[in-house]
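*Asks:* pasted the sequence and its predicted model underneath.
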Amino acid sequence: MPSSTRSSLLTRIDRDAVREGLPLLVPAVPFGFILGLEINNSLLPTEAGFSTSAVIFAGAAQLAVVTLAGTVSMVTVVVTAMVINARHIMYSAAVAPLMTKQPLWFRLLAPFVLIDQIFALAVTKRHYDAKKFRRYYLTLGAMFFLTWQCLTILGIVFGDVLPTSLGLGLAPALMFAGIVVTMITGRPAAIAAVTAVVVTLITLDLPNRTGLLVGALAGVLAGYLAEGRQPQ
């Protein structure tokens, strides 16, 4: 790659996004292996299973799709994925004010990579101007999207050799815990985070990863109630 092209790419990378995003990538590693393993065990062709990483790009919803495919109706698969991703409605409402000054192409692209980790980091950058926020967000989006594709491939290739004693089934909950910890900015947020993690762990065995949705909703409710009890 020519040095001029390399320099141009580097100037478009937000170093804060890389530094702050890397800790949230770590728990995604076992999650990616879980997805790859489930793709191997799914009734979907491997190529179709892998395509969910590029088309859906939402770990819990992807797990539901690849595990349910071929065992229930297509309507059930789609509805289940939509229910699991319902928390993204809350995410969209929270980041909407940050998108008002962004160009149309960015407003169309941004929702696709609005995963849990990116939301947790992006909402802390309300003080950024439009251009700086866009560079931060795009850096996170590219980093998580490309890494997730690689993790899925590694999971497909090497997932079967991992010992079951590693307890990888906890990976989604651990990743969710890491996300909510980054969002603690006060007592209500701390209560919301603790509630979300505890409820997610309790409901971990619910079918189709709906425990993540239950945990998220419980955390939002707990935070709302705690906020209302704060002295004015």
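*Replies:* That came in fine, so what should we check first? All values reported here derive from a predicted model rather than from experimental measurement.
*Asks:* can you give me phi and psi for Phe31?
*Replies:* The phi and psi values for Phe31, taken as degrees, to the nearest 10, are phi -60, psi -40.
*Asks:* surely it touches Gly59?
*Replies:* Yes. Between Phe31 and Gly59 there is a contact under Cβ atoms under 8 Å: 5.4 Å. The C-beta positions use only the backbone N, C-alpha and C, and glycine is treated the same way.
*Asks:* just the element for Leu154, please.
*Replies:* Here Leu154 sits within helix 130-158, counting by DSSP states H and E.
*Asks:* and that helix, what's buried?
*Replies:* Residues of helix 130-158 classed as buried by neighbour count (16 or more other Cβ atoms under 10 Å): 133-141, 143-145, 147-148, 151-152, 155-156.
*Asks:* what segments of this protein are helices?
*Replies:* 3-11, 15-25, 28-41, 46-55, 59-68, 74-84, 87-99, 104-109, 116-122, 130-158, 171-182, 187-202, 210-228 (DSSP state H).
*Asks:* got a markdown table for those helices, with mean pLDDT too?
*Replies:* Formatted as a markdown table, the helices of the chain follow (pLDDT from 0 to 100):
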| stretch | mean pLDDT |
| --- | --- |
| helix 3-11 | 48 |
| helix 15-25 | 89 |
| helix 28-41 | 82 |
| helix 46-55 | 89 |
| helix 59-68 | 82 |
| helix 74-84 | 80 |
| helix 87-99 | 84 |
| helix 104-109 | 94 |
| helix 116-122 | 87 |
| helix 130-158 | 92 |
| helix 171-182 | 52 |
| helix 187-202 | 72 |
| helix 210-228 | 70 |
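*Asks:* deepest-packed of these, please.
*Replies:* helix 59-68 (a mean of 24; mean count of other Cβ atoms under 10 Å).
*Asks:* pLDDT at Gly159, what is it?
*Replies:* For Gly159, the pLDDT comes out at 66.
*Asks:* cool, and the one 10 residues further on?
*Replies:* pLDDT, Gly169: 52.
*Asks:* so what's the spatially closest residue to Arg134 that is not a sequence neighbour up against?
*Replies:* The spatially closest residue to Arg134, leaving aside those adjacent along the chain, is Phe106, at 5.7 Å (Cβ to Cβ, 6 or more residues apart in numbering). Residues counted as contacts of Phe106 (Cβ atoms under 8 Å, 6 or more residues apart in numbering) are 99, 134, 137-138.
*Asks:* widest-spaced pair of those residues?
*Replies:* Across those, no pair lies farther apart than Met99 and Leu138, at 13.1 Å, counting by Cβ to Cβ.
*Asks:* Arg12: neighbour count?
*Replies:* The local packing of Arg12 (other Cβ atoms under 10 Å) involves 10 other residues.
*Asks:* quick one: it from Val18, how far?
*Replies:* 12 Å (Cβ to Cβ, to the nearest Å).
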